[in-house]
Structure formats: structure tokens, C-alpha cells
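>>> Fold the following.
(chains A and B, ligands or ions: 1)
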Amino acid sequence: MATSLDQLFAKVRAENRAALIAYIPAGFPSIEGCHKAIKALVAGGVDAIEIGFPYSDPVMDGPIIQAAAERSLSQGTGASDVFAALKCATDAGVSAVVMTYWNPIEKYGVDEFAQSISENGGSGVITPDLTIEESERWSEAAHAHKINRIYVVAPSTNDGRLEKVTSQCSGFVYVASLMGVTGTRTSISSGAGDLVARVRKVTDLPLAVGLGVSNRVQAKEVAHYADGVIVGSAFIKCLAEAEDEAQGLEAITELAKELSKGVREGR
Amino acid sequence: MTKIESTILGHFGPYGGRFVPEALIGALEELEAAHNSALKDPVFQAELSHLHLTYTGRPSILTEAKRFAEHAGGARILLKREDLNHTGSHKINNVLGQALLTKRMGKKRIIAETGAGQHGVAAATAAALMGLECVVYMGEEDTRRQSLNVARMKILGAEVIPVTTGSRTLKDAINEAMRDWVTNVETTHYLLGTVAGPHPFPTMVRDFHKIIGEEAKIQVQELVGRLPDAVLACVGGGSNAIGIFHDFIPDTSVRLIGLEAGGDGVETGRHAATITGGSPGVLHGTRSYVLQDKNGQTVESHSISAGLDYPGVGPEHAYLHDIGRAEYRAITDAQAMHAFALLSKTEGIIPAIETAHALAGAIQVGNELGPDAILLINLSGRGDKDVETAAKYFGIQL
Ligand SMILES: Cc1ncc(COP(=O)(O)O)c(C=O)c1O
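Purely as a prediction, here's the structure:
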């Protein structure tokens, strides 16, 4: 059975454009504020939302997402808030997934986590630190609850391993544009296009590029060769730097509008 | 006989493995291959042995602590003197091995995390010796607690970066080092300081430290004509403990006892006793015991000893615990500081506060087993770096 995410990529493929995927941590800027932000992102035209499970030791994240996770955790964000945010996004009419480091899944219960994703309308989970060698239990759970398993590939991933990792993926493949942590960058690494080309040789799955995309020009550039454009830190920065909540929400809607133009200009 | 093998991808029963961003897989595979080939390469082994003989000061001696033993039930207390190694702790064994591997891989830059500063100093030392660039990440809180070691690292030519995220201690220094590594993995080796982290670190770091137990086993038998009844070591990440335990694992008559940092007492929640007070989980790339809350968030650890102040522990210890081959106990700050003072006054040896946890364990176990017992203790480090902390604790005016 196709998930909502699978259907989304079929749709954007038919429209000959890339999907715009936004990342926001649950509980940021506050538990309630996150729900408002999700609605503001949807109003701006994002196609899908990744709900981040804020984690105490985010080794893949740069300063912007680290600070957001700390702020969220200081307000007591837990698994139930992550699933509530997920539901908020799917209720708002977009495809939604959770992005989380592995330990919160293990602590929650691997099968139970997959079940809660499914029950809250989620399409799947992005697991940036779960290697395929350690993924057996997760594969079983995701399969049982019919959700997508999304893994990250990096410029350092060799061709043999690309084939192995993508064979375990569904929904889309998360293509890290560069060697590094999350955060806004002034330009998109030229390695991103090369990596997408290498991944295309081993899989027909949609490929979404993340790490460093923050504006319309960059979104357009990435949409030229990728099926999805993932933006996280740039939205979080808008919310973190806003003078008040209303201004922050307005800013992310505006940014989403710009980016959604970008993903339609790529081809 | 109990046999512990880290088999495919460094698993120890359900523990160990690799939980890392895909970007690091290539580097971990490269490191694993370099380590495996070095193990079989007589030239590499000869180079490391030569360094240990002429630079580290190995073999480290065995000292019998007779006056201290009077306070430990009269048991014979044998101290394996890793404190006499160059740079003052066991940490040098691992850094020299990894620095040689760094050169073997053709990398020119090393990064390291440090808590007490001992591993950072050791890493900076090896980098100076081998002409490598060295960056050390250290929690801001620890840079204050261990300012002398910060100065030592700088004198040795390393750059010390204070880490201001999270709890500003060792775990956050590891996070920051991992972020650096993901970004610079092409040119940089992450010289991890303990038997934690993703495979191959727990196995590789153990291999570089197991010389401690190999030497001690021979030395103890020469001195007393038999194996010890128990081997004791403090456990932060677990490197000095696995180093002295490893050669004794098949000798099931020998009890292996790890002493964790009990802080204010495990029951208070303010401690760093990961096996005693934690639960299985994943932290810093490996599955092991972790101090964590119900959402799987790492909980801050507490200890008077910066080197034990870590909410994780090496996966091989988790396994040794679960199969009952090793025991783990918590020693409070107060018990450790009592043992610190006692060894200083009875033997003229000022131990590191980390090590004092093992000595407090020796007092307990000696009293339990009595005068016929022979205890081997890993004296993992010297206390020079802790003089300020100890002076404050005991109210000595500086
Ligand atoms: C003297 C000494 N002993 C023990 C430790 C704890 O580390 P491990 O458990 O890896 O031996 C440290 C760490 O800094 C140390 O400096």
C-alpha cells in the first residue's frame, strides 16, 4: 500500500517538479507554537513536513537545530508531543514523517514507535544514525505498520554501499548534500548533484536533498536534479530570530512561499 | 572458560555495533581495516613496542601497598602503576597506537575529546611526537575544573576548543568532536579516548590497552606465585578497566570488579554509575548502558572526577556485566576522596581521583575477602592534575 508520501512523489513527478519538505522540531518554539508553525508552513505551500524528535545529543546537527532542540527539551517535549505534532501536520493535509536519532525509538519500543507513527497518519521515519547493519528490528516494525524507512546517504558513501542502503529505503532517499552537519550555507555544494547522479544509478526511489538549502535560488538549483528539497535550519532561524510569535509565523509562511516557487522553477 | 569475541561489526552480545551518520561509515571501515592490518604487521607492532619501551616507560611496575592494605582487611594490595607512564596515566597506551594508525592512514590531523584532560594531554603529546595537527574538544565546565591540563595541552601545541553546548562536559565534547569529524573526515582521524563509540573503537582501544593486564598477570604471578583473587579498576568509559581485565577474562577464578562513579550516591540521581544506575540504550554510536530518561534523552552525570563524569560506558563492560563475568559497584565522591587521602598518606602515592574510586573498591573488597586475598588494582593515573580539587575538598589553603 502506498503511503501518503509515496503518493506525493508520484504527484510531483507527474507535475514535473520537486517536492518542498520542511523540517521542524516538535516542541519548538513551544509545544503549542510548533502546531502554529506547522500550519504556517502548510499555508506557505510546503508539500511535506518532517517532525524532529528533539534529542539531547544531536551529533548530526549544527548550532541552529541544536539550540532549537535544547529549547524544546527545556519545555519537556516528549514522544507524545512528537506524535501530536505529526498528527497536526497530517490533519493539515500534508504528508508527514518523523526524523529522529535512534535512541528515542529504542526507548519508546521499536514496534510501538512504528505503530504510533502509523496511528497518527505519519508516512514514515527518517533515521539518520541507524545504520542498515543495525536496522533489522526496525525493518520488521516498519514493514508491519506499513510505513516508509528513510535512510541518509552521504557524499562519502561508496557505490556498493549506496546500493545496499537504498535497497533498504522506501518513500525517498535522503541525500546529504555535503559532508557536515545541518545548517544554512551560502551555496549548495557541487557534490550534491554528483551524488544524486550516483544514487540514480542504483535506485528508482525519489531522491530528496537536504543540508544547507535556505533560499529560493538554492531550491531552484536543487530542484533541477532532485525530486525533493529539504529545508530545516532556515525555517528554524526565522522562528528563533523573530521579535514575537506572529512575526515568526509570518516569516516562515513567506519563506515557504518563496521556496515553493523555487521548487517549481528548477526544470 | 568464557570467551568474549567482538564478532561482526563489533557486537558484544546485544551491545556495541555502529549507530552513526552514514557519512562516517567510510572512515570507520578504513580505520577497522587499518587496525586489522596493523595487528598482523610485525613492523607496526615493533614500532609500538619500541615507543612503549623508550617513550611510555613500559612495562609499568607493580607496587605492593602494605600500609594501605592495613585499611583493606589485610588483603595483599598490588598496584599496577599506570600512573608512572609518560603523561601520567594509562591513556598514553591508546593514543600512541591510534596516532601510529593515523599516520598509516595518511591523515595529518587528529581531534580528541577530553574530560579530565588526561586523554587530551596524551593525544596532544602523541600529536607533538608524530608531527600531527591536534584539536581537543573539552566541555567548558571541565576546562575550569582542569585548567592545568588545558595549559599542558596548549604548551604541547594543541588547540583546545571549549564546548558550550548541553551540560558542557565530556559527553558534549564528544558530540562536538563527532560534528568536526563528519565535516573533516577526509583529512582527520578522531582519536577517541575510551572503549566506547562506534565499532571499531571499543575493540581497537581495548587492544591498545590490554598490555596492562598482560604485563600485570606475569608480574603478579612472579611476585606471589598465583593469580589474584580479584582485579579492580575504575570505570568511566572503561578503557583502563578493560585493559587490565582483558587478559584475565578466561581465568574465571579471578573476579573482575569495575568501580563506577557514585557521585552523591546512586539513590540521589546525582552520579555517573552507568551500569549500576542506567539502562540499555544507544549513545555516541554504540549500544550499551546509558543514563537516560523515559524519552531516551541522555541524563547529565555527576562526579567529583571529571574523567568518570560520563553517562555512557563501553559496550564490552555492558556485556561482561550481563553475563556475570564482571561486577560493577558504585563508589561515592566521599568514599573516593577518603581513599585518595589514604593512599597518599600510607604509600606516598597521590592517585588521580578517578583511580581513587578503584582504591575505595579495594578497601571494600579487601575487607570482604580478608587477609588471604590478593587484589590487583589498576592505578590508572596520578593525582597532580587533581591537587586543586583535592585541596578544595579537604579545605587546604592554596
Ligand atoms: C587517570 C584516569 N583513570 C581513569 C579514567 C577514566 O577513563 P576510562 O574508564 O576509559 O579508563 C580517566 C579519564 O580521564 C583518567 O584520567
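>>> What distance do you get for the residue in the stretch 51-200 of chain A that the ligand sits nearest to to residue A:86?
Going by C-beta to the nearest ligand atom, the ligand is nearest to residue A:57 of the stretch 51-200 of chain A, at 18.5 Å. All C-beta spots, glycine's among them, are computed from the backbone N, C-alpha and C. Going from residue A:57 to residue A:86 by C-beta to C-beta, to the nearest Å gives 22 Å.
>>> one step back: what is the neighbour count of the residue of the stretch 51-200 of chain A closest to the ligand?
Neighbour count for residue A:57, taken as other C-beta atoms under 10 Å in any protein chain shown: 25.
>>> now residue B:66
Around residue B:66 there are 12 residues (other C-beta under 10 Å).
>>> tell me which parts of the stretch 101-250 of chain A are close to chain B?
A:102-108, A:128-131, A:133-134, A:151-158, A:161, A:165, A:176, A:179-181 (C-beta under 8 Å from any C-beta of the partner chain).
>>> From these, which land in helices?
Within those, residues falling in helices by DSSP state H are A:102-108, A:161, A:165.
>>> Quick check: PyMOL command selecting the buried ones in the residues of the stretch 101-250 of chain A next to chain B.
Entered in PyMOL, the line below selects the buried ones among these, by 16 or more other C-beta atoms under 10 Å in any protein chain shown:
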select buried, chain A and resi 102+103+104+105+106+107+108+128+129+130+131+134+151+152+153+154+155+156+157+161+165+176+179+180+181
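>>> What are the boundaries of the helices in chain A?
A:4-14, A:31-43, A:63-74, A:79-91, A:102-108, A:110-119, A:136-144, A:159-167, A:191-200, A:216-223, A:233-241, A:245-265.
>>> Kindly reformat the ones you listed as a markdown table and extend each row with distance to residue B:203 and mean pLDDT.
Listed next are the helices of chain A as a markdown table, based on distance: least, C-beta to C-beta, whole Å; pLDDT from 0 to 100:
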| stretch | distance to residue B:203 | mean pLDDT |
| --- | --- | --- |
| helix A:4-14 | 39 | 98 |
| helix A:31-43 | 42 | 98 |
| helix A:63-74 | 30 | 95 |
| helix A:79-91 | 33 | 98 |
| helix A:102-108 | 21 | 98 |
| helix A:110-119 | 26 | 98 |
| helix A:136-144 | 21 | 98 |
| helix A:159-167 | 21 | 97 |
| helix A:191-200 | 31 | 96 |
| helix A:216-223 | 40 | 96 |
| helix A:233-241 | 36 | 97 |
| helix A:245-265 | 45 | 97 |
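>>> May I see the ones you listed arranged in CSV, with distance to residue B:76 as well?
CSV is the format used below for the helices of chain A (distance: least, C-beta to C-beta, whole Å):
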stretch, distance to residue B:76
helix A:4-14, 67
helix A:31-43, 60
helix A:63-74, 50
helix A:79-91, 52
helix A:102-108, 43
helix A:110-119, 49
helix A:136-144, 48
helix A:159-167, 54
helix A:191-200, 62
helix A:216-223, 69
helix A:233-241, 60
helix A:245-265, 68
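>>> I'd like to know which of those helices is closest to residue B:304.
helix A:63-74 (26.1 Å; C-beta to C-beta).
>>> same for that closest one, what does it pack against?
Under the contact definition 3 or more C-beta pairs under 8 Å, 6 or more residues apart in numbering or on different chains; DSSP states H and E, helix A:63-74 sits against strand A:19-25, strand A:48-52, helix A:233-241.
>>> so what's residue B:83 closest to, chain neighbours aside?
Ranked by C-beta to C-beta, 6 or more residues apart in numbering or on different chains and with sequence neighbours excluded, the top spatial neighbour of residue B:83 is residue B:382, at 3.8 Å.
>>> Next up, phi/psi of that neighbour, please.
Backbone geometry at residue B:382, expressed as degrees, to the nearest 10, gives phi -100, psi 160.
>>> I'd say it and residue B:81 touch.
No - with contact defined as C-beta atoms under 8 Å, residue B:382 does not reach residue B:81; the gap is 9.2 Å.
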